[in-house]
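[1] structural data only, the sequence is not supplied:
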Ligand code: ATP
């Protein structure tokens, strides 16, 4: 799996629709300070499901939308699309290319798409769990991330290893099943109360 394409519109400093086509292997993005190199990485993190504006170096989610310059008005929405080569089927969808799109409007509404079919944020997050590419994955190591990992708590470090070992999805499923069991137990207790009131 590798990142083939990145399409950005209205994301941070990218006011115009901008498309990057990447080849297999190493790509370097170079440029003077403050020209938007890190914004590219933020766009990838965001489309993969990041929900924390601080991970995207902002205060609130709205900060990701192009907020205008002396010469340009702010924009009302942003979208980011990534296209991944999935010839190796690392992502469990039977397509050799997978596109993920996330849109966000100033009004606060969001839209999510996998291969142009509307979906939930959870579907995107689930898709990348255990691939290392998810919003908490280790494939994107931003500035200060190494230090953050070294200084993280043991349980946070363990989370990284669990993602690499591919067991996070099973942990999530276990957690959801335990929640359902709890709810069922509550329902059963309520039912027993009602039965004992009736007899
Ligand atoms: P460095 O090499 O210093 O790390 P960089 O090339 O990585 O710089 P970025 O941090 O990606 O630069 O981009 C910073 C620029 O993005 C700043 O000029 C900032 O004003 C601009 N920017 C950030 N958010 C927005 C926004 N919502 N609207 C318009 N511009 C924005």
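    Structure's in. What do you need? Computed from a predicted structure; not experimentally measured.
[2] all contacts plus neighbour counts: C-alpha atoms, from now on.
    Noted.
[3] helices of the protein, start to end?
    Secondary structure of the chain (DSSP state H): helices located at 37-47, 121-128, 145-150, 154-165, 168-198.
[4] can you tell me if the shortest one touches the ligand.
    No - under the criterion of C-alpha under 6 Å from any ligand atom, the ligand is not reached by helix 145-150; the shortest gap measures 13.7 Å.
[5] so for that helix, mean pLDDT?
    If you average the pLDDT over helix 145-150, you get 86.
[6] what do you get for stretch 164-178?
    On average, stretch 164-178 scores 89.
[7] tell me the buried residues in it?
    With burial defined by 16 or more other C-alpha atoms under 10 Å, the residues of stretch 164-178 counted as buried are 164, 168-169.
[8] may I see the residues you listed arranged in a markdown table, with distance to the ligand as well?
    Converted to a markdown table, the buried residues of stretch 164-178 look like this (distance: C-alpha to the nearest ligand atom, whole Å):
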| residue | distance to the ligand |
| --- | --- |
| 164 | 27 |
| 168 | 31 |
| 169 | 32 |
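[9] per-residue confidence for the spatially most central residue of the chain?
    Closest to where the C-alpha atoms of the chain average out (C-alpha atoms, centre = their mean) is residue 49, at 1.8 Å. On pLDDT, residue 49 comes in at 91.
[10] measure it to residue 85 for me?
    Residue 49 sits 19 Å away from residue 85, taking C-alpha to C-alpha, to the nearest Å as the criterion.
[11] got the residues of the protein near the ligand?
    Residues of the chain lying near the ligand (C-alpha under 6 Å from any ligand atom): 12-13, 33-39, 63-68.
[12] rerun that using 8 Å as the cut-off
    10-15, 30-42, 58, 62-69, 74 (C-alpha under 8 Å from any ligand atom).
[13] for the residue nearest to the centre of the chain, give me its contacts.
    Neighbour list for residue 49: 121, 124-125, 134-135 [criterion: C-alpha atoms under 8 Å, 6 or more residues apart in numbering].
[14] nearest to residue 2 among these?
    Nearest to residue 2 among these: residue 134, at 13.5 Å, using C-alpha to C-alpha.
[15] from residue 62, how far off is the closest residue to that closest one other than its chain neighbours?
    Nearest residue to residue 134, sequence neighbours excluded (C-alpha to C-alpha, 6 or more residues apart in numbering): residue 128, at 4.8 Å. Residue 128 is 24 Å from residue 62, where distance means C-alpha to C-alpha.
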